[in-house]
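please work out how this folds:
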Amino acid sequence: MIRLMFLLSVVLAGCSAPARERFYTLDAPEPPVAAPEAASVAVGPVSVPEMVDRAQLVVRTTANEVIIAEQARWAEPLRTAIGRVVAANLAAELGMRLAGPARNADADYRVTLDILRFDSGPDQAVLIDAAWTVIGPKGVRRTGRSVVHQKVATKFYDALAAAHSTALAGISREIAAAIKKP
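Down below sits the predicted model:
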């Protein structure tokens, strides 16, 4: 009987393998190769709320409750991913060159982002609320605030990451419009 219980526990232990971690990224278009004389753009610093400043995806279940999805993780720090995606979106939208992180101060246009909310909600939508500042040539500043809601296609985490990418594209278009203003 003891041998049977031992064998049963070994079999059950083998069936209960730990859940596999999955890693997600935010997506942006590949910026076109810009002419050498094209203006350059850099995005950073980017701040995000402490609640979502972690490797795990954070999903709001009610107005006052969130879950931290231990097995669903961002492949890179969220603030880095947001900066990368917004910079790529702006470069593609405006035909600009990307300034690498080490060259941010030398960029013709520098964008700072303060992400006030980065929510994934129970209503199968994401919400990004961002305050931004663009510093252009000669130190000209433009500020704005963008709030974008984006529906999530399915209840899976990859759809959630895709919806966040689409929401960031919407915010990027608003920032691009500010840059285009004379």
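
is L113 in contact with V43, as I believe?
Yes. L113 is within contact range of V43, at 6.7 Å (criterion: CB atoms under 8 Å). C-beta here means a position set from N, CA and C on the backbone, and glycine is covered the same way.

the more surrounded of those two?
Neighbour totals were compared for L113 and V43, and V43 leads with 29 against 24 (other CB atoms under 10 Å).

for the lengthiest helix in the chain, give me every contacting residue.
Ordering each helix of the chain by length in residues (DSSP state H) puts helix 157-180 first. Residues outside helix 157-180 that contact it (CB atoms under 8 Å, 6 or more residues apart in numbering): 22, 24-28, 41, 57, 59, 69, 72, 82, 85-86, 89-90, 93-94, 109, 111, 118, 120, 125-128, 130, 132, 134, 136, 142, 144, 146, 148-153.

quick one: which of the residues you listed sit in helices?
Using DSSP H, those in helices are I82, V85, V86, N89, L90, E93, L94.

need the residues you listed in JSON lines (columns: pLDDT).
Below are the ones in helices among the contacts of helix 157-180 laid out as JSON lines (pLDDT from 0 to 100):
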{"residue": "I82", "pLDDT": "98"}
{"residue": "V85", "pLDDT": "97"}
{"residue": "V86", "pLDDT": "97"}
{"residue": "N89", "pLDDT": "97"}
{"residue": "L90", "pLDDT": "96"}
{"residue": "E93", "pLDDT": "95"}
{"residue": "L94", "pLDDT": "95"}
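
next, format those residues as TSV and append neighbour count.
TSV is the format used below for the ones in helices among the contacts of helix 157-180 (neighbours: other CB atoms under 10 Å):
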residue	neighbour count
I82	26
V85	23
V86	26
N89	24
L90	25
E93	19
L94	19
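
send me stretch 134-153 as PDB with only the CA atoms.
Only the C-alpha atoms of stretch 134-153 are listed here, as PDB (Å, rounded to 0.1, in the frame of the first residue of the first chain):
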ATOM      1  CA  VAL A 134       8.000  67.700 -27.100                       C
ATOM      2  CA  ILE A 135      11.100  69.900 -27.100                       C
ATOM      3  CA  GLY A 136      11.900  71.000 -30.700                       C
ATOM      4  CA  PRO A 137      14.500  73.000 -32.400                       C
ATOM      5  CA  LYS A 138      15.500  76.200 -30.500                       C
ATOM      6  CA  GLY A 139      13.900  74.800 -27.300                       C
ATOM      7  CA  VAL A 140      10.300  75.300 -28.500                       C
ATOM      8  CA  ARG A 141       8.100  73.200 -26.100                       C
ATOM      9  CA  ARG A 142       4.700  71.700 -26.800                       C
ATOM     10  CA  THR A 143       2.900  69.800 -24.100                       C
ATOM     11  CA  GLY A 144      -0.200  67.700 -24.300                       C
ATOM     12  CA  ARG A 145      -2.200  64.900 -22.700                       C
ATOM     13  CA  SER A 146      -3.500  61.900 -24.600                       C
ATOM     14  CA  VAL A 147      -6.000  59.400 -23.300                       C
ATOM     15  CA  VAL A 148      -6.600  56.300 -25.600                       C
ATOM     16  CA  HIS A 149      -9.000  53.400 -25.000                       C
ATOM     17  CA  GLN A 150      -8.500  50.400 -27.200                       C
ATOM     18  CA  LYS A 151     -10.600  47.200 -27.400                       C
ATOM     19  CA  VAL A 152      -8.900  43.900 -26.900                       C
ATOM     20  CA  ALA A 153      -9.600  41.300 -29.600                       C
END
